[in-house]
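Novice: sequence first, then the predicted structure:
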Amino acid sequence: MHRELITFEVAGQVFALDIMAIREIRAWSPATRLPHVPPYVAGVVNLRGTVLPVIDLAARLGWRATEPGPRHAIIITQSAVSHGAQLGGWIVDAVSDIIAVPADALQPPPAGTGHDGVMPFLHGLIAAGDRMVMVLDLAALLGPPAPGTPRDADAQAA
């Protein structure tokens, strides 16, 4: 049995999400900022009448915030939550391709790799050709901010 993943780039690294969680991929459109949200929340956009949060994936992973432009994309994901489906948009540098991998190809992240901001969000790693693809855990990405994460720029200044 094979598993299909969408691969994409963020800050020069290759990541993937299960294709079943992807609702659509759209071109970058500016998001409306909201007050008192974590700094990785870029804002919200209108998706055919639905207000959709847009998250800067680089910032969510603990890296420098993205300065999005026309070359960036927003990956719209849908995940099951207790009260229905939760939609979210993720700013990425570029969407690469769809890969099919054997279900048993997913390897756990290596132990002892430190406390990198990425590790809590990884489902595992897959060797795809000559590159390593980091498969993200969507549920972890949608979870609460890490303890000590400021809620907004005002909180950082305080």
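Specialist: Structure received.
Novice: from residue 132, how far out is residue 65?
Specialist: Residue 65 sits at a distance of 24 Å from residue 132 (criterion: C-beta to C-beta, to the nearest Å). C-beta here means a position set from N, CA and C on the backbone, and glycine is covered the same way.
Novice: what's in contact with stretch 48-66?
Specialist: Residues lying outside stretch 48-66 but in contact with it, judged by C-beta atoms under 8 Å, 6 or more residues apart in numbering, are 10-11, 15, 31, 39-46, 68, 72, 74, 76, 87-93, 116-118, 121, 141.
Novice: switch to 7 Å and redo it
Specialist: Contacts of stretch 48-66 from elsewhere in the structure, counted by C-beta atoms under 7 Å, 6 or more residues apart in numbering, are 10-11, 31, 39-45, 72, 74, 87-92, 117-118, 121, 141.
Novice: can you check stretch 10-23 too?
Specialist: Outside of stretch 10-23, the residues within contact range by C-beta under 7 Å, 6+ apart are 3-8, 57-58, 63, 75-79, 87, 92-93, 96, 98, 131, 133-136, 138.
Novice: buried ones in stretch 12-26?
Specialist: With burial defined by 16 or more other C-beta atoms under 10 Å, the residues of stretch 12-26 counted as buried are 13, 15, 16, 17, 18, 21, 22, 23.
Novice: nearest to residue 110, of these?
Specialist: Each of the buried residues of stretch 12-26 was scored against residue 110 by C-beta to C-beta, and residue 13 proved nearest at 15.5 Å.
Novice: for the closest one, give me the pLDDT.
Specialist: pLDDT recorded at residue 13 is 94.
Novice: and what of residue 130?
Specialist: If you check residue 130, the pLDDT there is 85.
Novice: burial measure for it, as a count.
Specialist: With neighbours defined by other C-beta atoms under 10 Å, the count for residue 130 comes to 5.
Novice: contacting residues around it?
Specialist: When the contact criterion is C-beta under 7 Å, 6+ apart, residue 130 has no partners at all.
Novice: separation between the residue nearest the centre of the chain and residue 127?
Specialist: Nearest to the centroid of the C-alpha atoms of the chain, with distances taken as C-alpha atoms, centre = their mean, sits residue 57, at 4.5 Å. With the distance defined as C-beta to C-beta, residue 57 ends up 22 Å from residue 127.
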